[in-house]
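In: give me the fold of what follows.
(chains A and B)
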Amino acid sequence: MVANIIFGIGITALTGALATVAGSAEDTESNIGSQGDPNSQVQLAPQMGFLHRIFNKAVAGEPPAYGLWCALGAGLAWAFMAMQVNAVLAIVIGSVLAVLVQGVYATTAYLGRTASLAKFGQPVYVDILKSMTSVTMAHAFIAVFCVVTLCHLINGALGHPFPLPLLGLIWGIALGAAGSATGNPYYGKERQYQNQKFGAGVPISASGNIVRYAEAGERNSLDNGFFTHKIGGSASGICFGLIVFLELWRTILFDKISAGWGAIVVGILMILIFTVVDRYIEVWARKNYGPYMEAKVAS
Amino acid sequence: MTAVAAKPQAGGAMNPTAMAVGVVMLLIILALCWYVSPGLGLMALIGVTIGGILIGFGTHFIPVGGAPAAMGQAPGIATGVAMLAAGAGLAGLFGGAWAAEQGQVVAIVTGGVGGGLMMAITCMMVNFVYVFGMGIPSASGKVAKDPITGDTQAEFKSQGTEGHGLPFVSFVGGVTGGFLGGAGGTLIYLQLLRLYEAKLPALMGIPATQVMPIAVAAAGMFAVGLFLVNAVLTAYNITGTIEGPHDPKFKRWPRSIVASAVASALCGFVAILIVAL
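Out: Below you'll find the predicted structure:
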């Protein structure tokens, strides 16, 4: 009994670590590929007369895209394992094949989206296509590999009833949701609009006027990935890592108490703790940053 | 007119005739199910419909700001409403399916808590990034005061924006939406699983133990599919973005409930036909 719990906690910790890496890689991949909601500005910029060298592959949201790639990786790994291929090798091959699909997706999406801007004079940069696509594929491989591995651990070691491909779909969508929710504002506001005031939202009138120049030459998406990884990527990793770790942790440790109600009570307590932390952050910001204008003027 | 003073526009109007047609369609689908598979099949369809309604209603609570939120131009979470709702609800379904052996009530509540926990972590991290990564406090664009905390909002909106971040009421809305979505998804899964466990062994001519993986996978896939159907329907109803339960768009929920009930019943009927015919 105790050995089972210790084993479960070990697996839970490992899946939490894998999820943290996956979340971080996912956000960085989506920022280099400019796949999240901030891509609306990348698409808008040429229409406002601001030509750029930013990658542009947002033909699907991050959650369905990662749902597809993770389900594909998990499904292929599952098929290879059914053919008696070693599990580690099967997961690696499955993830590689899924990432090939991601590469095709990235290439066609960039060409399609950028070609649609031809009437505004936006060129398709072949060097951008060659240098960015491989980097997004590398990051996507890390994310997909980590998700497929954690799904395999959840299914094989912890005994979740869902088959591997279905777990890949579920956690792929959750990964995309957590990564885009946490990482998008940092890429959209803090990086694309680095020329705007720090500590305030981007005025709607500034839409489309994204920063296009770097320290030397024109800015490209690799610069964006380097910049956003430090906070946006890390926060996305922590977010997805916490989701996976705490969901498994409360189940593994407290599921047997009071016929399942133990895990429910612990889950509610954790929600309350996060509620208090969130409220603290909100109040801290109001006190320390203060209002932008007098309350009377604002109202 | 500022967003604070904005009233629900024509998009929020209810169409009684369309809603009545929706209710009639729902009754027809239920009657067809009763004809094809009375008893267990009909009970499963009612459960699936209720689960779909929970998902559709729950999605209205989730604060999603879409692309403007990604630039700090509008409050909410910077992603698609259907995607975030699906992410939270499926995380709940994951937990609920795990607890399926412990009874329906425990499994459904477990699924709800899983979805709520996912949203609590996500909403907290969103505010973390806004405050500590970008130096921006939360401010609603739709209400002058936070309905829960009473915090004034207008003076914390930066110039030229409709607000940013997640005010406390949006956080609570996100957790509530995640809870309802996770519970609804789990209810759909459990109903279909019970039906498939009962019907598939005779249909396929194999023992119940062998049919379990097939039943689990099929019920899980239908639950995921129904989740996306209802989340997308609601996304249309709120035209892509909503701040949470305090947003005027929230009042459109009756329309979405009818649509979710009809769509869930139709999809559930197809799921039942697999074993009924």
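In: going by C-alpha atoms from here, please, whenever you check contacts or count neighbours.
Out: Noted.
In: can you map out the helices along the chain?
Out: Chain wasn't specified; assuming chain A. Secondary structure of chain A by DSSP state H: the helices cover A:2-32, A:39-44, A:62-82, A:87-115, A:126-152, A:164-185, A:221-228, A:234-254, A:261-289, A:295-298.
In: my bad, the chain I had in mind was chain B
Out: With DSSP H, the ranges of helices along chain B come out as B:16-36, B:40-59, B:66-70, B:81-98, B:104-128, B:168-204, B:208-237, B:253-276.
In: ok, now which ones touch the residue lying closest to B:Val131 once chain neighbours are set aside?
Out: Computed as CA to CA, 6 or more residues apart in numbering or on different chains, the closest residue to B:Val131 that is not its neighbour in sequence is B:Pro137, at 5.7 Å. Neighbour list for B:Pro137: A:282, A:285-286, A:289, B:130-131, B:156, B:164-165 [criterion: CA atoms under 8 Å, 6 or more residues apart in numbering or on different chains].
In: B:Pro137 and B:Phe168, how far apart?
Out: For B:Pro137, the distance to B:Phe168 equals 12 Å [CA to CA, to the nearest Å].
In: so what sits against both of these two?
Out: Between them, B:Pro137 and B:Phe168 share the neighbouring residues A:Glu282, with contact defined by CA under 8 Å, 6+ apart.
In: run through the stretch 101-250 of chain A and note the low-pLDDT ranges.
Out: Low-confidence regions of the stretch 101-250 of chain A, defined here as pLDDT under 70, do not occur.
In: ok, and for stretch B:251-269, which residues are buried?
Out: Residues of stretch B:251-269 classed as buried under the neighbour-count rule (16 or more other CA atoms under 10 Å in any protein chain shown) are B:251-253, B:255-269.
In: and B:Leu180, how many neighbours does it have?
Out: 30 (other CA atoms under 10 Å in any protein chain shown).
In: picking up where we left off before, any chance of the helices of chain B in JSON lines, with mean pLDDT too?
Out: As requested, these are exported to JSON lines (pLDDT from 0 to 100):
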{"stretch": "helix B:16-36", "mean pLDDT": "94"}
{"stretch": "helix B:40-59", "mean pLDDT": "95"}
{"stretch": "helix B:66-70", "mean pLDDT": "90"}
{"stretch": "helix B:81-98", "mean pLDDT": "86"}
{"stretch": "helix B:104-128", "mean pLDDT": "95"}
{"stretch": "helix B:168-204", "mean pLDDT": "94"}
{"stretch": "helix B:208-237", "mean pLDDT": "91"}
{"stretch": "helix B:253-276", "mean pLDDT": "94"}
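In: need those helices in a markdown table (columns: distance to chain A).
Out: Output for those, formatted as a markdown table (distance: least, CA to the nearest CA, whole Å):
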| stretch | distance to chain A |
| --- | --- |
| helix B:16-36 | 27 |
| helix B:40-59 | 14 |
| helix B:66-70 | 4 |
| helix B:81-98 | 4 |
| helix B:104-128 | 5 |
| helix B:168-204 | 7 |
| helix B:208-237 | 6 |
| helix B:253-276 | 17 |
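In: among those helices, which is nearest A:Val104?
Out: With distances scored as CA to CA, the stretch of the helices of chain B nearest to A:Val104 is helix B:81-98 (22.6 Å).
In: who are the packing partners of that closest one?
Out: Here helix B:81-98 is seen to pack against helix A:62-82, helix A:164-185, helix B:40-59, helix B:104-128, helix B:168-204, helix B:208-237 when contacts are counted using 3 or more CA pairs under 8 Å, 6 or more residues apart in numbering or on different chains; DSSP states H and E.
In: cutoff 6 Å now
Out: The helices and strands touching helix B:81-98, judged by 3 or more CA pairs under 6 Å, 6 or more residues apart in numbering or on different chains; DSSP states H and E, are helix A:164-185, helix B:104-128, helix B:168-204, helix B:208-237.
In: could you export those helices as TSV, including distance to A:Ala77?
Out: Output for the helices and strands packed on helix B:81-98, formatted as TSV (distance: least, CA to CA, whole Å):
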stretch	distance to A:Ala77
helix A:164-185	8
helix B:104-128	27
helix B:168-204	25
helix B:208-237	17
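In: contacting residues around stretch A:226-235?
Out: Contacts with stretch A:226-235, where a contact means CA atoms under 6 Å, 6 or more residues apart in numbering or on different chains, come from A:24, A:27-28, A:183, A:186.
In: ranking these by neighbours, who comes first?
Out: Across the contacts of stretch A:226-235, neighbour numbers were computed from other CA under 10 Å; A:Asp27 holds the maximum, 37 neighbours.
In: most packed of the helices of chain A?
Out: Among the helices of chain A, helix A:164-185 has the highest mean neighbour count (mean count of other CA atoms under 10 Å in any protein chain shown), at a mean of 32.
In: going by distance to chain B, which of the contacts of stretch A:226-235 wins?
Out: Top of the list for closeness to chain B, among these and by CA to the nearest CA, is A:Tyr186 at 7.1 Å.
In: once you drop chain neighbours, what's closest to the closest one?
Out: Using CA to CA, 6+ apart, the nearest residue to A:Tyr186 is A:Gly232, at 5.6 Å.
In: and B:Val211, by the same measure?
Out: B:Pro201 (6.2 Å).
In: point out the most buried one among the helices and strands packed on helix B:81-98.
Out: helix A:164-185 (a mean of 32).
In: show me which residues of chain A sit near chain B.
Out: When proximity is defined as CA under 6 Å from any CA of the partner chain, chain A approaches chain B at A:37-38, A:63, A:160, A:170, A:173-174, A:177, A:181-182, A:184-185, A:188-189, A:199-204, A:243, A:264, A:271, A:278, A:285, A:291-293, A:295, A:298.
In: for stretch B:215-222, what is the distance to the chain centroid?
Out: Computed by CA atoms, centre = their mean, to the nearest Å, the separation of stretch B:215-222 from the middle of its chain amounts to 19 Å.
In: contacting residues around the most centrally placed residue in chain A?
Out: The structure's chain A has its C-alpha centroid closest to A:Gly179; by CA atoms, centre = their mean the separation is 2.9 Å. Neighbour list for A:Gly179: A:23, A:27, A:236 [criterion: CA under 6 Å, 6+ apart].
In: hang on, the last one packs against A:Ala25?
Out: No: between A:Ser236 and A:Ala25 no contact is recorded; they are 8.8 Å apart, counting by CA atoms under 6 Å.
In: tell me, what's touching those two both at once?
Out: Counting by CA under 6 Å, 6+ apart, nothing touches both A:Ser236 and A:Ala25.
In: ok, so of the contacts of A:Gly179, who is nearest B:Ala44?
Out: Taking CA to CA as the measure, B:Ala44 sits nearest to A:Gly23 out of these, at 36.5 Å.
In: from chain B, how far out is the closest residue in space to the closest one that isn't next to it in sequence?
Out: With CA to CA, 6+ apart as the criterion, A:Gly23 has its nearest non-adjacent residue at 3.9 Å, and that residue is A:Gly237. When distances are taken as CA to the nearest CA, to the nearest Å, A:Gly237 and chain B turn out to be 10 Å apart.
In: list the contacts of the residue nearest to B:Gly173 when sequence neighbours are not counted.
Out: On the basis of CA to CA, 6+ apart, the spatially nearest residue to B:Gly173 that is not a chain neighbour turns out to be B:Phe61, at 4.7 Å. The neighbours of B:Phe61, taking CA under 6 Å, 6+ apart as the test, are B:173-174, B:177, B:244-245.
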